[in-house]
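Asker: Requesting a structural model of the entry that follows:
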Amino acid sequence: MSYAHGPGVERMPEWLARPIAAPGRQSHVSGLLDELELNTVCESSRCPNKGECFGAGTATFLVMGDACTRSCRFCAVDQTSPAPLDPDEPRRVAEAAVGMRLGHVVVTCVTRDDVEDGGSRYLAAVVRALRTRLSDASVEVLTSDFAGDLAQVDVVLDAGPDVFDHNVETVPRLYGSVRPEADYQRSLAVLSRAHAHPSRVPVKSGLMVGLGETHDEIVRVIRDIRATGCCALTIGQYLRPSKRSAPVEEFVTPERFERLAEAARAVGFTAVASGPFVRSSYRAAGLLEELRRDA
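Answerer: Next up, the predicted model:
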């Protein structure tokens with residue numbers, strides 16, 4: 001089954017219907033982000049959870065610009081030539097986090113293969129800025145694969161985040177069509193390197209389902225991720241963000257999401273979030289609490 005935008009599309013199943021989010025602090029969050037000229041993955045990736053998260057006063061910061069050097073077919077982020085890195089952005093991210101009174105800050109980035117270190121020192125600067133302004137807040141970073149330069153993983157972790165996240169995204173068979181510039185083994189190597197870092201911070205990864213993978217393929221990937229030492233996993237439904245993106249091949253049922261969660265727990269994951277609307281940074285503070293509780 002495929003899914004496409006436009007007239008005549010097949011209706012999504014009832015479990016993907018979301019209630020309208022309560023306004024809450026949406027206007028405050030949107031206004032602050034606009035004032036500080038900051039990007040969020042909530043908006044750039046057209047995340048279905050944006051209303052809930054903004055209403056709750058949270059957001060996931062997207063740094064290093066709003067354009068990516070790669071052409072992943074699941075992503076809505078612009079795939080054009082990125083602008084030069086903005087040296088003031090780390091300060092503004094920290095200012096926004098203070099203004100939003102965040103207790104847990106999630107920072108992700110576009111992939112910058114055009115930058116020598118892949119942006120590792122820039123991410124480290126964001127972490128340090130957050131540490132300076134919000135000494136009591138926890139900080140989670142969701143990084144690229146740094147084009148396989150594993151030393152850059154250490155640069156980010158040396159800055160002292162509380163969680164290191166790198167998403168494997170999908171099964172190896174689909175990398176060529178969905179993540180053409182990425183490499184499955186390279187992503188696993190990033191997770192292994194992060195787990196081996198002396199800081200011993202929790203390592204997290206994420207998967208999408210509904211792109212045409214089989215249940216057994218996903219279970220094998222779950223095992224591969226766990227073998228790196230990764231202890232937290234998110235699994236969510238892929239939803240097509242634009243007409244140029246890969247089609248949805250299947251809407252996975254909540255029952256199957258629970259089966260995948262059980263498979264992850266069975267191989268030793270400490271914290272698992274698996275469900276249709278789960279995303280890497282969705283309710284990330286709760287997943288960190290689960291990790292700390294079971295440590």
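Asker: L62 reaches T108, doesn't it?
Answerer: Yes - applying Cβ atoms under 8 Å, one finds L62 in contact with T108, separated by 5.7 Å. Heads up, the C-betas are built off the backbone N, CA and C, glycines and all.
Asker: In the stretch 1-150 of the chain, where is pLDDT below threshold?
Answerer: In the predicted model of the stretch 1-150 of the chain, residues 1-11, 19-23 satisfy pLDDT under 70.
Asker: Let me see the ranges of the strands in it.
Answerer: Using DSSP state E, counting those that start in this stretch, the strands of the stretch 1-150 of the chain run over residues 39-40, 60-63, 104-109, 138-142.
Asker: Redo those as CSV? Include mean neighbour count and distance to A189.
Answerer: Conversion of the strands of the stretch 1-150 of the chain to CSV gives the following (neighbours: other Cβ atoms under 10 Å; distance: least, Cβ to Cβ, whole Å):
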stretch, mean neighbour count, distance to A189
strand 39-40, 24, 28
strand 60-63, 25, 23
strand 104-109, 25, 19
strand 138-142, 24, 17
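Asker: Quick one: closest of those strands to A94.
Answerer: Of all those, strand 104-109 sits nearest to A94, with 8.6 Å by Cβ to Cβ.
Asker: helices or strands next to that closest one in the packing?
Answerer: The elements that strand 104-109 packs onto, with contact taken as 3 or more Cβ pairs under 8 Å, 6 or more residues apart in numbering; DSSP states H and E, are strand 60-63, helix 120-133, strand 138-142, helix 284-293.
Asker: Would you mind giving these as a markdown table with distance to M12 added?
Answerer: Formatted as a markdown table, the entries for the helices and strands packed on strand 104-109 read as follows, by distance: least, Cβ to Cβ, whole Å:
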| stretch | distance to M12 |
| --- | --- |
| strand 60-63 | 23 |
| helix 120-133 | 35 |
| strand 138-142 | 26 |
| helix 284-293 | 25 |
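Asker: follow-up on the earlier one: quick check: neighbours shared by L62 and T108?
Answerer: Counting by Cβ atoms under 8 Å, 6 or more residues apart in numbering, the common neighbours of L62 and T108 are V41.
Asker: Can I get the strands of the stretch 1-150 of the chain in JSON lines including distance to D158?
Answerer: Supplementary listing: the strands of the stretch 1-150 of the chain in JSON lines, determined by distance: least, Cβ to Cβ, whole Å:
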{"stretch": "strand 39-40", "distance to D158": "25"}
{"stretch": "strand 60-63", "distance to D158": "18"}
{"stretch": "strand 104-109", "distance to D158": "16"}
{"stretch": "strand 138-142", "distance to D158": "12"}
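Asker: Can you say which of those is nearest to V203?
Answerer: Closest of these to V203 is strand 138-142, at 11.0 Å (criterion: Cβ to Cβ).
Asker: what's the neighbour count on C72?
Answerer: The local packing of C72 (other Cβ atoms under 10 Å) involves 20 other residues.
Asker: Could you report the neighbour count for the closest residue to it other than its chain neighbours?
Answerer: Residue nearest to C72 in three dimensions, not counting chain neighbours: R179, with 5.1 Å by Cβ to Cβ, 6 or more residues apart in numbering. Neighbour count of R179, defined by other Cβ under 10 Å: 23.
Asker: and if you look at the one 10 residues further on?
Answerer: Other residues within reach of A189, judged by other Cβ under 10 Å, total 17.
Asker: Following the chain past the helix or strand where it lies, name the next helix or strand.
Answerer: Here A189 is covered by helix 184-196, with elements defined by DSSP states H and E. Following helix 184-196 in sequence order, the next helix or strand is strand 203-209 (DSSP H and E).
Asker: Quick one: work out the angle between the helix or strand that that next one is followed by and strand 203-209.
Answerer: Beyond strand 203-209 in the direction of the C-terminus, DSSP H and E gives the next helix or strand as helix 215-227. Helix 215-227 runs at 170 degrees relative to strand 203-209, counting by axes from the mean of the first three to the mean of the last three Cα atoms, to 10 degrees.
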